[in-house]
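J.: Sequence plus the predicted model coming up.
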Amino acid sequence: MEINDLTPAEEQVWRAFPLGESVDFRTAEDEDVALGADWGPERTVRARVLRALLLNGPQEAGEIASLSLVGARITGRLDLQYATIDHPVRLRYCHFDEVPRFYACRLRELNFGDSVLPGLTAHAMRVDGVLRLTRSRFRGVVRLAGAKISGSLFMEGAEIIAPDAEEPVLQLNQAAVGDDLRAAGLRTRGQIRLTGASVSGSVHLSTAHLSNPGGSAVDAEVLVVDGNILLRQAVVEGWVGLRGARIAGRLDLSYTTLSNPGGPALLAGSSTMGELWLRQSPPAQGGVMLRNAQIDVLLLEPDVLPDQVFLTSFAYTSLIPHEPAERRLTMLERDGDGYVPHAYEQLAAAYRRIGDDGAARHVQLAKQRRLRGTHPWYGRVWGYVQDATVGYGFRPLRACAWLLSLLAIGSVAYGLHHPHALKASEAPHFNPVFYTLDLLLPVISFGQEEAFAPDGWYQYLAYALIITGWILATTVVTGVTRTVSRQ
């Protein structure tokens, strides 16, 4: 392209390029870039002029050439697919008439900060530095699938709204970010796809507003993050999918509103995380799916629990903050998978790790009561008996109270009416207390039961004491066996 073909605005950009100087066409710092379609020729630059500069622009000895343009209207399509650009590209506060195309392009740095674009096509793009889309406004799909960004991806305050799109509005599937993905305050209307992506730093989505009601707001299956995912003080309409994700740090959902009525709000099954934080938030509108997930530290406040959770094979090491067992059991009672024994064992183990054996026993008792509901009627009857007498072995003091009460009843009854001796010449001296103990304790024998035989209703009392003694003994032995095996 000959320089004589350039407009005055384009000539200014052309002359600034080899010197690495910035050209700023703005008339005011607070002007609305969305009105850039009305900007006149004095600040309009054709995309093909920028393409010519980047591919074969003039060079100045001793200077580092760069394209730095502020407040311009870019007409035509900026097409750099498959190109290798050795110069930084900074197009800030610019208005693009057509979607830029950077498919399989390689650049050192790309900056579209504060610009308005109808979309971006940059599949398989490689950026050796950083990609900045800070506060950019997109009115179409942003395609970054398979992109390789050596530094950080900056999208703070960006907005992506593509009302007619039938595909994800932000496509970062299979992308690789060498540092952080910084998108605090991001606003999207449609799906964000992060399937198979990897981020060597952290993902910052705090204060974001992600909206795709009834669908996936964030689809991040098998996402790999070496740092944290911070989704604090955010609003998410639609479900967040993290199935199979690996997060070395924490997934922080503090102060965040998750809303997907009638479906799951958080899908994190088969994921691996260092920590999961659910606190200071309204209860999620929708279920929380944690099947087969593995988490080192679960920070969960009971008031944040949704109406339904799914906890089959869900494993965690620590549960904080410390709460009474009654409040924690609410989570297990809302399990959409029904009775899940493993969930009770996990909760009991978490209490035992911090030395709260009383709470652990309470959880184990709740487990037995929940299990009772799955038995046939005769099994439930036996369960009610065990629960009322000794609390399935987890209430040993209750067994002592029953034994003392029955001992007092038997001792008084047989003290007032001595059973007759079977062999008067060989019978020992009758003692009503030890006779009652012989009836109650199935293992220990004091020689009283074999020597005396009651009659009438006293015989039925003996039968009742024997049966009750067996129930108490077997249940207590079961509870002691559980305690010993755990220790």
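T.: Everything's here; your move. In this text the structure is predicted, and so the values were computed from the model without any measurement. Numbers count the residues shown, from 1 in each chain.

J.: Please verify my assumption that residue 241 contacts residue 267.
T.: Yes - judged on Cβ atoms under 8 Å, residue 241 makes contact with residue 267 at a distance of 4.6 Å. Glycine gets a C-beta too; all of them are placed from N, C-alpha and C.

J.: What's the end-to-end length of stretch 134-151?
T.: 15 Å (Cα to Cα, to the nearest Å).

J.: go on, stretch 15-30?
T.: Stretch 15-30: ends 27 Å apart by Cα to Cα.

J.: That stretch: how far from the chain's middle?
T.: 45 Å (Cα atoms, centre = their mean, to the nearest Å).

J.: One more: stretch 184-192?
T.: With Cα atoms, centre = their mean as the basis, stretch 184-192 stands 18 Å off its chain's centre.

J.: Mind listing residues that contact that stretch?
T.: Stretch 184-192 is contacted by residues 155-163, 165, 168-170, 172, 204-212, 215-220, 238 when judged by Cβ atoms under 8 Å, 6 or more residues apart in numbering.

J.: mind listing which of these are in strands?
T.: In strands, defined here by DSSP state E, the members of the contacts of stretch 184-192 are 159-161, 170, 204, 209-212, 215-219, 238.

J.: before we move on, back to that, whichever of the contacts of stretch 184-192 end up buried, select them in PyMOL.
T.: Entered in PyMOL, the line below selects the buried ones among these, by 16 or more other Cβ atoms under 10 Å:
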select buried, resi 155+156+157+158+159+160+162+168+169+170+172+204+205+206+207+208+209+210+211+212+216+217+218+219+220+238
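
J.: quick one: residue 376 and residue 121, what's the gap?
T.: 64 Å (Cβ to Cβ, to the nearest Å).

J.: the more surrounded of the two?
T.: For the pair residue 376 and residue 121, the greater number of neighbours falls to residue 121 (20 against 7), based on other Cβ atoms under 10 Å.

J.: Please report the distance of that one from residue 145.
T.: 10 Å.

J.: Around the nearest residue to residue 75 once chain neighbours are set aside, count how many other residues there are.
T.: Using Cβ to Cβ, 6 or more residues apart in numbering and skipping the chain neighbours, the partner closest in space to residue 75 is residue 97 (5.0 Å). For residue 97, the neighbour count with other Cβ under 10 Å is 16.

J.: So what does residue 97 have for phi and psi?
T.: phi -80, psi -30 (degrees, to the nearest 10).

J.: Residue 458 too?
T.: Here residue 458 shows phi and psi, under degrees, to the nearest 10, equal to phi -70, psi -30.

J.: Tell me the spacing between it and residue 432.
T.: In terms of Cβ to Cβ, residue 458 sits 11 Å off from residue 432.

J.: same thing with residue 347?
T.: On the measure of Cβ to Cβ, residue 347 and residue 432 end up 46 Å apart.

J.: So between the two, which is more surrounded?
T.: Higher neighbour count among residue 347 and residue 432: residue 347, with 25 against 20, using other Cβ under 10 Å.

J.: How about the secondary structure of the nearest residue to the more buried one once chain neighbours are set aside?
T.: Counting by Cβ to Cβ, 6+ apart, the nearest residue to residue 347 once its immediate chain neighbours are dropped is residue 363, at 5.0 Å. In three-state terms, and counting by DSSP: H, G, I helix; E, B strand; the rest coil, residue 363 is helix.

J.: what's the answer for residue 411, then?
T.: helix.

J.: burial measure for it, as a count.
T.: 17.

J.: so it makes contact with residue 433?
T.: Yes - Residue 411 lies in contact with residue 433 (Cβ under 8 Å); the separation is 4.8 Å.

J.: Give the ranges of residues in the stretch 351-487 of the chain that sit below the confidence cut-off.
T.: Applying pLDDT under 70 to the stretch 351-487 of the chain flags the ranges 385-386, 388-399, 473-487.

J.: Now do the strands in it.
T.: Here the stretch 351-487 of the chain has its strands, by DSSP state E, counting those that start in this stretch, at 420-421, 452-453.

J.: Surely residue 451 touches residue 424?
T.: No - Residue 451 lies out of contact with residue 424 (Cβ under 8 Å); the separation is 9.6 Å.

J.: Looking at those two, which is more packed in?
T.: The neighbour comparison of residue 451 against residue 424 (other Cβ under 10 Å) goes to residue 451, with 19 against 8.

J.: show me what contacts the more buried one?
T.: By Cβ under 8 Å, 6+ apart, the neighbours of residue 451 are 421-423, 426-428, 430.

J.: For those, which PyMOL command selects only the ones that are buried?
T.: Listed next is the PyMOL selection for buried residues among the contacts of residue 451, using 16+ other Cβ under 10 Å:
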select buried, resi 427+430
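
J.: got a markdown table for the contacts of residue 451, with distance to residue 250 too?
T.: Shown next, in a markdown table, are the contacts of residue 451 (distance: Cβ to Cβ, whole Å):
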| residue | distance to residue 250 |
| --- | --- |
| 421 | 75 |
| 422 | 74 |
| 423 | 77 |
| 426 | 77 |
| 427 | 74 |
| 428 | 71 |
| 430 | 71 |
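
J.: Residue 70 bridge partners, please.
T.: residue 24, residue 92 (DSSP bridges).

J.: burial measure for it, as a count.
T.: 18.

J.: gap between it and residue 201?
T.: 28 Å.

J.: In contact with the residue nearest to residue 75, which residues?
T.: Neighbouring residues of residue 97 by Cβ under 8 Å, 6+ apart: 37, 73-76, 118.

J.: Please check those residues and keep the buried ones.
T.: 73-75.

J.: Could you single out the nearest of those to residue 299?
T.: residue 74 (47.0 Å; Cβ to Cβ).

J.: what is the mean pLDDT for the host helix or strand of that closest one?
T.: Using DSSP states H and E, residue 74 sits in strand 73-75. For strand 73-75, the mean per-residue pLDDT is 97.

J.: so how far is that strand from its chain's centroid?
T.: 43 Å.

J.: Counting by contacts, list what it packs against.
T.: strand 44-46, helix 47-56, strand 95-96 (3 or more Cβ pairs under 8 Å, 6 or more residues apart in numbering; DSSP states H and E).
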